[in-house]
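Asker: I need the structure of the sequence given here:
(chains A, B, C and D)
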There are 2 protein chains.
Amino acid sequence: MTHAIEDISASLRRAREAKSISQRELSRLTGVPQGHISKIESGAVDIRVSSLIALARALDLEVTLVPRKAVPAVQSIARQSDAERSRPAARNLAEMQRTLENIPKIPASPGLAAFSGPRPAYTLDDENGDE
Amino acid sequence: MTHAIEDISASLRRAREAKSISQRELSRLTGVPQGHISKIESGAVDIRVSSLIALARALDLEVTLVPRKAVPAVQSIARQSDAERSRPAARNLAEMQRTLENIPKIPASPGLAAFSGPRPAYTLDDENGDE
DNA sequence: ATATTTGATATATTTTAACAGATCATTCTT
DNA sequence: AAGAATGATCTGTTAAAATATATCAAATAT
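Answerer: Below you'll find the predicted structure:
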């Protein structure tokens, strides 16, 4: 990915869904209004590079210019690291973690009180970097 | 390359200079006004993706979104095919070809009249594809 | 069943890229 | 020395992205 302008919109949407975050969440992260993200993802607008970069970065993507003859090689590399993030185990874990965050309702039986903050420290997102 | 917005402008300029074509020539190829190309290359504007794609394609580049963790690998690949185009022999040949086009002044001695169009059919740009 | 979240859409306003077209100084070329 | 060609820069004008804000239907969650 990608050459045409629709490829880019599609990539953004797929990347966001792969991270399973909502458009509103991405909006918070980037400052781009949710409504606008919707339009962008549906390919309805010819976005500016700054917007593209902002969204891409929030999705752990980088905008690059690749020599055309190198594109196939680049794609196969990109595909590999895509695969890591989207292989079933990873996707399921990501969703499970999100789900678990919506369960804090367990009445905390006295004997387990010390266990107050059991949220997972072992996220799959070990690939973050800067920001 | 690239992440930031200036990297992109810089890449575009380098790519154009590597092909040793003028801004006006690139303008002809893309339809983007020369003055605007100048502004773009100096990083003075936040261009739209369609413009970026148009310029990139004319320079045999493709805009891609790559996973951040794959960036180093991608860069090293891109660098390789960069090197091919910019190794001395290639650069010099490109320039020599341009120079030769400015020599048609040879008074065409009668015996060689049939040689009317001696321009090189063997360009280095054997990597073109579509369009 | 009710409430929340989500993506899509709409309106109105501001901002700015992109355009056409021209000019200018500098660097080749002749 | 005269004449291109090149990159940078300016002036208007127009089209469209980007913003803020709000609403809506459908899917999720409580």
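
Asker: and the residue of chain A closest to DNA strand D?
Answerer: Closest approach between chain A and DNA strand D, counting by C-beta to the nearest atom of the strand: residue A:48, at 3.1 Å. All C-beta atoms are positioned from the backbone trio N, CA, C, and that covers glycine.

Asker: number of nearby residues for that residue?
Answerer: Around residue A:48 sit 17 other residues, with neighbours defined as other C-beta atoms under 10 Å in any protein chain shown.

Asker: what's the nearest residue to it if we skip its chain neighbours?
Answerer: Of all residues beyond its chain neighbours, the one nearest residue A:48 is residue B:46 (4.8 Å), with distances taken as C-beta to C-beta, 6 or more residues apart in numbering or on different chains.

Asker: how about residues contacting stretch A:69-77?
Answerer: Contacting residues not belonging to stretch A:69-77 are listed as A:1, A:3, A:64, A:66, B:60, B:62, B:64, B:66, B:70, B:73-74, B:77-78, B:80-81, B:127 [C-beta atoms under 8 Å, 6 or more residues apart in numbering or on different chains].

Asker: against residue B:44, how distant is the residue of chain A closest to DNA strand D?
Answerer: Relative to residue B:44, residue A:48 is positioned 13 Å away (criterion: C-beta to C-beta, to the nearest Å).

Asker: ok, now residue A:71?
Answerer: Applying C-beta to C-beta to residue A:71 and residue B:44 gives a distance of 29 Å.

Asker: okay, those two: which has more neighbours?
Answerer: Taking residue A:71 and residue B:44 together and counting by other C-beta under 10 Å, residue A:71 has the greater number of neighbours (19 against 11).

Asker: so the more buried one: helix, strand or coil?
Answerer: helix (DSSP: H, G, I helix; E, B strand; the rest coil).

Asker: so the one residue in chain A that gets nearest to DNA strand C is in which element?
Answerer: As assessed by C-beta to the nearest atom of the strand, DNA strand C sits closest to residue A:35 within chain A, at 2.6 Å. Under DSSP states H and E, the secondary-structure element containing residue A:35 is helix A:34-41.

Asker: so does that helix get close to DNA strand D?
Answerer: Yes - judged by C-beta under 7 Å from any atom of the strand, helix A:34-41 comes into contact with DNA strand D through A:34, A:35, A:36, A:40.

Asker: what about burial for those residues, which qualify?
Answerer: Neighbour-count burial within these applies to A:36, A:40; the criterion is 16 or more other C-beta atoms under 10 Å in any protein chain shown.

Asker: can you redo the residues of helix A:34-41 next to DNA strand D as CSV with distance to chain B and pLDDT?
Answerer: As requested, the residues of helix A:34-41 next to DNA strand D are exported to CSV (distance: C-beta to the nearest C-beta, whole Å; pLDDT from 0 to 100):
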residue, distance to chain B, pLDDT
A:34, 20, 97
A:35, 19, 97
A:36, 14, 97
A:40, 10, 97
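
Asker: contact partners for residue A:9?
Answerer: Contacts of residue A:9 were listed using C-beta under 8 Å, 6+ apart, and they are A:40, A:41, A:42, A:43.

Asker: format the residues you listed as JSON lines; extra columns: distance to residue A:8.
Answerer: Formatted as JSON lines, the contacts of residue A:9 follow (distance: C-beta to C-beta, whole Å):
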{"residue": "A:40", "distance to residue A:8": "9"}
{"residue": "A:41", "distance to residue A:8": "10"}
{"residue": "A:42", "distance to residue A:8": "12"}
{"residue": "A:43", "distance to residue A:8": "8"}
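
Asker: of those residues, grab the buried ones for PyMOL.
Answerer: Those of those that meet the burial criterion (16+ other C-beta under 10 Å) are gathered into one PyMOL selection, given here:
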select buried, chain A and resi 40+41+43
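
Asker: which one of the contacts of residue A:9 is nearest residue B:20?
Answerer: residue A:43 (35.4 Å; C-beta to C-beta).
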